[in-house]
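test case, fold it:
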Amino acid sequence: MEQITVKASQSSYKVSVGAGIRHKLSDFLPKSYQNVFVVTDTSIAPHYLDDYVSSLLPDAKITKKIIKPGEAAKSKDVYFNILDSMFEAELDRKALVLALGGGVIGDLAGFVASTYMRGIDFVQLPTTILAHDSSVGGKVAINHETGKNLIGSFYPPVAVIYDVDTITTLPEKEVRSGYAELIKEAYIGNADFLSQLLEREKLDKENQEQLIQDLSLGIQVKTKIVEADEKENDLRKFLNLGHTLGHAIEAEAGYGTFTHGEAVAIGMLFALELSENRFGADLRLGEFRSWMERNNYPMHLPDLSAERLVKRMQMDKKSENKEVHMVLLREIGDPVTEKVDHDTLHDAVISFLERLSRT
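Now for the predicted structure:
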């Protein structure tokens, strides 16, 4: 098992990563709780809910809220429905919210906890590789009709308890999705970790020792950044490497065509190419492309319009006055935010799409 301490402005919390630790949940909580409210979804509850609940104190009052999975759950209606259930359960300010699931559950349950009675404790119980990213750092939110994560706050959990046993039930595309964020973290903050990933033949969710190590190394990179920039004023933007084009591809292709991580991996390929052209560094681009191919990342995009992709990139949250600010790498481990003018970006996207079509 690995433990990482995250120092937040309000308090510090531990991230525990190990196998079978869901059976010892109480041991990893910062204190005892008599009233616990669990938020999970119908895809997770049949597999793991009973394990987590049975490991709590025997005299604790447990209320379970099981919702439908998917991004649609991060809505105002579901948010208020959960709040109603919490008031019905007569939770007080010393109660605990458990967020059992992937990133959607963590975002939603965390935002509920941050606003119920002006804030009560919550614990992240991630069940996907991708959720290693969203469960650490304290960003919680729901969606608005005009965009994702526009209603939210910075509200750190009191603990993150990550049982890698839950990853064995993940489909391969979700394993790919999570590892895209891990290799992103390696690129921006750990060259040795990057070498380990690039030199590995295939992703292997069954190798728990390796999985614990990979998750811990990725979390360490993110922890260092969020400790230095908790409210995303500067350095935290570096965690968006690959996301500018990645988000545009997700939206333009239609949500669900690619997983988030698959789109980010394609966006990273573009960002690394742009970085090499701009700074002349060797970013192991060929090895990264081979890694994507070996692990069956999608390398063919549907017939997407370069103009529409650029327009969506101009709407990215890092952009200013429709000028695109992209996270690039001067070298491995040295990220920077660079302004890319419209003509350069347009030509680069066209060229990138043409190369992908010939892959």
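
any stretches of the stretch 51-200 of the chain with poor pLDDT?
146-147 (pLDDT under 70).

can you give me the helices in it?
For the stretch 51-200 of the chain, the helices defined by DSSP state H, counting those that start in this stretch occupy 76-88, 103-115, 131-134, 172-189, 191-199.

make TSV out of these and add mean neighbour count and distance to Gly246.
Placement of C-beta: from N, CA and C, glycine included. Converted to TSV, the helices of the stretch 51-200 of the chain look like this (neighbours: other C-beta atoms under 10 Å; distance: least, C-beta to C-beta, whole Å):
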stretch	mean neighbour count	distance to Gly246
helix 76-88	15	26
helix 103-115	25	15
helix 131-134	25	13
helix 172-189	23	9
helix 191-199	16	18
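
give me the neighbour count for Ile350.
15 (other C-beta atoms under 10 Å).

and it, what helix or strand is that in?
helix 342-357 (DSSP states H and E).

list the buried residues for that helix?
345-346, 348-349, 352-353, 356 (16 or more other C-beta atoms under 10 Å).

surely Arg278 meets Leu329?
No: the pair Arg278 / Leu329 is not scored as a contact, 9.5 Å apart, by C-beta atoms under 8 Å.

and stretch 348-359, how far from the chain's centre?
Relative to its parent chain, stretch 348-359 has a centroid offset of 27 Å by C-alpha atoms, centre = their mean, to the nearest Å.

equivalent analysis for stretch 82-102, please.
Worked out by C-alpha atoms, centre = their mean, stretch 82-102 lies 23 Å from the chain centre.

got it, and stretch 224-240?
14 Å.

tell me which residues are up against that stretch.
6-9, 133, 136-139, 154, 184-185, 188-189, 222, 318, 327, 335, 337 (C-beta atoms under 8 Å, 6 or more residues apart in numbering).

among these, which are in strands?
6-7, 139, 154, 327, 335, 337 (DSSP state E).

select only the buried ones of those residues in ChimeraX?
Entered in ChimeraX, the line below selects the buried ones among the ones in strands among the contacts of stretch 224-240, by 16+ other C-beta under 10 Å:
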select :6,139,154,327,335
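
would JSON lines of the ones in strands among the contacts of stretch 224-240 with distance to Gln34 be doable?
Listed next are the ones in strands among the contacts of stretch 224-240 as JSON lines, based on distance: C-beta to C-beta, whole Å:
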{"residue": "Val6", "distance to Gln34": "26"}
{"residue": "Lys7", "distance to Gln34": "28"}
{"residue": "Lys139", "distance to Gln34": "29"}
{"residue": "Phe154", "distance to Gln34": "28"}
{"residue": "Val327", "distance to Gln34": "45"}
{"residue": "Pro335", "distance to Gln34": "45"}
{"residue": "Thr337", "distance to Gln34": "46"}
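
circling back: of Arg278 and Leu329, which one has the most company?
Taking other C-beta under 10 Å, Arg278 and Leu329 do not tie; Leu329 has more neighbours (23 against 17).

what sits closest to the more buried one if chain neighbours are left out?
In space, and not counting its chain neighbours, Leu329 is closest to Ser275: 4.5 Å by C-beta to C-beta, 6 or more residues apart in numbering.

contacts only, for that neighbour.
281, 283, 328-330.

how about Ala186?
With C-beta under 8 Å, 6+ apart, Ala186 has these contacts: 193-194, 196-197, 217-218, 221.

swap in Glu71?
By C-beta under 8 Å, 6+ apart, the contact list for Glu71 reads 104, 143, 148, 255.

could you rerun that using 10 Å?
103-104, 107, 143, 148, 255-256, 260 (C-beta atoms under 10 Å, 6 or more residues apart in numbering).
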